[in-house]
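A.B. asks: Below are the sequence and a predicted model for it; my questions follow.
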Amino acid sequence: MAIVKNAVKQRLRDGKIAAGFGISRLRSAEIPQIAEACGFHWVFVDLEHSTMDLDQAGQVCAAALKTSASAIVRVPEGDVTRATRILDAGAQGIVFPHVDTVKEAEAFVQACRYPPVGSRSMSYGGPQLEYEAVPPEEAMAGGNAETLLVMMIETPTAVKNAAAIAAVEGVDCLLVGGSDLSATMGIPGQYQNADFVAAIDSVIAAAKGANVWPGLGGVYDEKLLPGFIDKGMKFLLGGSDMSFLLSGAKARGAFFNNQG
């Protein structure tokens with residue numbers, strides 16, 4: 001079966017939420033299986049805030065293709081070269097951080113979509129094609145259909161331009177970076193602040209107006225998340241490897257330190 005289907009993109013098409021397992025410290029190709037076993041729907045491979053190299057990230061992405069946890073990679077700001085290389089290695093989506101303008105979104109789509117939508121260079125017989133010689137037109141159409149392109153909204157300027165960014169052909173999702181957006185608004189971490197909530201509402205409306213999916217990262221409080229999900233957030237960062245490790249390890253450490 002050539003052209004591996006993007007499970008998280010199908011989940012979003014079905015109207016379901018999709019929660020991501022973030023990795024920035026772990027390096028094993030077992031990560032997608034671990035994420036799947038824990039009930040997550042995609043793996044957030046973070047190359048913006050980690051020292052992970054492209055080869056390690058590519059191995060994780062290739063391994064994810066045999067699971068239901070699609071590998072979606074965040075590249076450093078504006079790094080279209082790394083984006084296209086990791087797509088060739090097996091990633092099923094790219095997250096571009098700090099997208100403020102339509103011009104930026106258009107450039108990112110051009111780099112990551114095959115013609116006629118963009119100008120991505122062809123790479124034949126890779127892992128998404130299950131190493132088969134798929135006819136070029138079929139490979140390009142399938143690659144475009146199964147690749148998720150995500151633009152991060154992290155500043156008041158981006159919020160203002162969200163509707164126009166969402167309307168760019170080839171954009172699939174607007175992902176609010178809650179930490180950076182609240183910081184650039186001058187209200188860091190104040191996720192219940194009326195101005196922050198209004199910004200969220202504005203981005204959700206912009207995404208829905210362009211028939212793309214709204215998403216949210218940086219907000220992990222289980223008391224707050226349901227409210228944002230009820231508003232329409234679908235593509236969610238569920239937490240990171242380090243936070244999961246620290247939470248479990250601290251609980252177990254406390255158990256032992258309370259014995260005797």
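C.D. replies: That came through, no problem.

A.B. asks: Please, where are all the helices along the stretch 101-250 of the chain?
C.D. replies: Counting by DSSP state H, counting those that start in this stretch, the stretch 101-250 of the chain has helices at residues 102-112, 136-146, 156-160, 162-166, 178-184, 194-209, 225-231, 241-257.

A.B. asks: any chance of those in CSV, plus mean pLDDT?
C.D. replies: Shown next, in CSV, are the helices of the stretch 101-250 of the chain (pLDDT from 0 to 100):
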stretch, mean pLDDT
helix 102-112, 98
helix 136-146, 94
helix 156-160, 98
helix 162-166, 98
helix 178-184, 98
helix 194-209, 98
helix 225-231, 97
helix 241-257, 96
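
A.B. asks: closest one to residue 71 among the ones you listed?
C.D. replies: Ranking the helices of the stretch 101-250 of the chain by proximity to residue 71 (Cβ to Cβ) places helix 136-146 first, at 12.1 Å. Glycine gets a C-beta too; all of them are placed from N, C-alpha and C.

A.B. asks: what comes up buried for that closest one?
C.D. replies: 139, 140, 141, 142, 143, 144, 146 (16 or more other Cβ atoms under 10 Å).

A.B. asks: export that helix as PDB, just CAs?
C.D. replies: Extracted in PDB, the C-alpha atoms of helix 136-146 (Å, rounded to 0.1, in the frame of the first residue of the first chain):
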ATOM      1  CA  PRO A 136       4.800  11.200 -10.000                       C
ATOM      2  CA  GLU A 137       1.300  12.700 -10.300                       C
ATOM      3  CA  GLU A 138       0.000  10.200  -7.800                       C
ATOM      4  CA  ALA A 139       2.900  10.800  -5.400                       C
ATOM      5  CA  MET A 140       2.500  14.600  -5.500                       C
ATOM      6  CA  ALA A 141      -1.300  14.500  -5.000                       C
ATOM      7  CA  GLY A 142      -1.000  11.900  -2.200                       C
ATOM      8  CA  GLY A 143       1.900  13.800  -0.600                       C
ATOM      9  CA  ASN A 144      -0.100  17.000  -0.600                       C
ATOM     10  CA  ALA A 145      -3.200  15.300   0.800                       C
ATOM     11  CA  GLU A 146      -1.500  13.500   3.600                       C
END
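
A.B. asks: And that helix, how far out from the chain middle?
C.D. replies: Helix 136-146 sits 20 Å away from the centroid of its parent chain (Cα atoms, centre = their mean, to the nearest Å).

A.B. asks: likewise stretch 57-68?
C.D. replies: The answer for stretch 57-68 is 14 Å, by Cα atoms, centre = their mean.

A.B. asks: before we move on, what about stretch 215-231?
C.D. replies: Worked out by Cα atoms, centre = their mean, stretch 215-231 lies 16 Å from the chain centre.

A.B. asks: For that stretch, C-alpha coordinates in PDB please.
C.D. replies: The C-alpha coordinates for stretch 215-231 follow below in PDB (Å, rounded to 0.1, in the frame of the first residue of the first chain):
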ATOM      1  CA  GLY A 215      -5.200  24.300  17.700                       C
ATOM      2  CA  LEU A 216      -3.600  25.100  21.100                       C
ATOM      3  CA  GLY A 217      -0.300  24.600  22.800                       C
ATOM      4  CA  GLY A 218       1.200  25.800  26.000                       C
ATOM      5  CA  VAL A 219      -1.900  25.300  28.100                       C
ATOM      6  CA  TYR A 220      -1.800  22.000  30.000                       C
ATOM      7  CA  ASP A 221      -4.000  22.700  33.000                       C
ATOM      8  CA  GLU A 222      -6.700  20.000  32.900                       C
ATOM      9  CA  LYS A 223      -9.100  22.400  34.500                       C
ATOM     10  CA  LEU A 224      -8.700  24.900  31.700                       C
ATOM     11  CA  LEU A 225      -8.300  22.700  28.600                       C
ATOM     12  CA  PRO A 226     -12.000  21.500  28.500                       C
ATOM     13  CA  GLY A 227     -13.100  25.100  28.100                       C
ATOM     14  CA  PHE A 228     -10.800  25.700  25.100                       C
ATOM     15  CA  ILE A 229     -11.900  22.400  23.600                       C
ATOM     16  CA  ASP A 230     -15.500  23.400  24.000                       C
ATOM     17  CA  LYS A 231     -14.700  26.600  22.100                       C
END
